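# sharing a sequence plus its predicted fold:
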Amino acid sequence: MVAIHFDEQDDAAELIGALEAEGYTTTLTREAFAGEEDWEDRAWVLLVEPFDDRVVEMVDVYGGWMPGDDRLPAEPPDLPDAPKR
């Protein structure tokens, strides 16, 4: 089973809804990366059963990422119009 990581819980929740509507089983947890101490910085990790090509297609749409995935997104992310202040 491959873990799908998300920075935002809302993005993970959208993918969970779409996957469960198609009959997949999902489990969402939080995982800290090495050196992270702040609970809010932890990634959301989604496990999907069964994991197949359809899941990979949907991960690209909902903004998740998989460790070791070296495929580039179809389009680069939108850049901000102005600097944050």
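Here it is on my side, so go on. Numbering: from 1, shown residues only.
# what about V2, how many residues nearby?
Residues lying near V2 (other C-beta atoms under 10 Å) number 14. In short, each C-beta sits where N, CA and C put it, glycine included.
# need the contact list for the spatially most central residue of the chain.
Geometric centre of the chain, nearest residue: G64, 2.4 Å, by C-alpha atoms, centre = their mean. Listed by C-beta atoms under 8 Å, 6 or more residues apart in numbering, the contact set of G64 reads 4-6, 11-12, 15, 46.
# shouldn't E49 be in contact with L19?
No: applying C-beta atoms under 8 Å as the test, E49 and L19 come out as separate, 9.8 Å apart.
# between the two, what contacts are shared?
Counting by C-beta under 8 Å, 6+ apart, the contacts common to E49 and L19 are T26.
# in terms of neighbours, single out the busier of those two.
L19 (21 against 12).
# is it true that that one touches V48?
Yes: using C-beta under 8 Å, L19 is in contact with V48, at 6.0 Å.
# shared neighbours, those two?
Common neighbours of L19 and V48, counting by C-beta under 8 Å, 6+ apart, are 26, 55.
# which residues in this structure form helices?
Along the chain, counting by DSSP state H, helices occupy 9-21, 53-62.
# for the shortest one, buried residues please.
Along helix 53-62, these residues count as buried under the neighbour rule (16 or more other C-beta atoms under 10 Å): 55-56, 58-59, 62.
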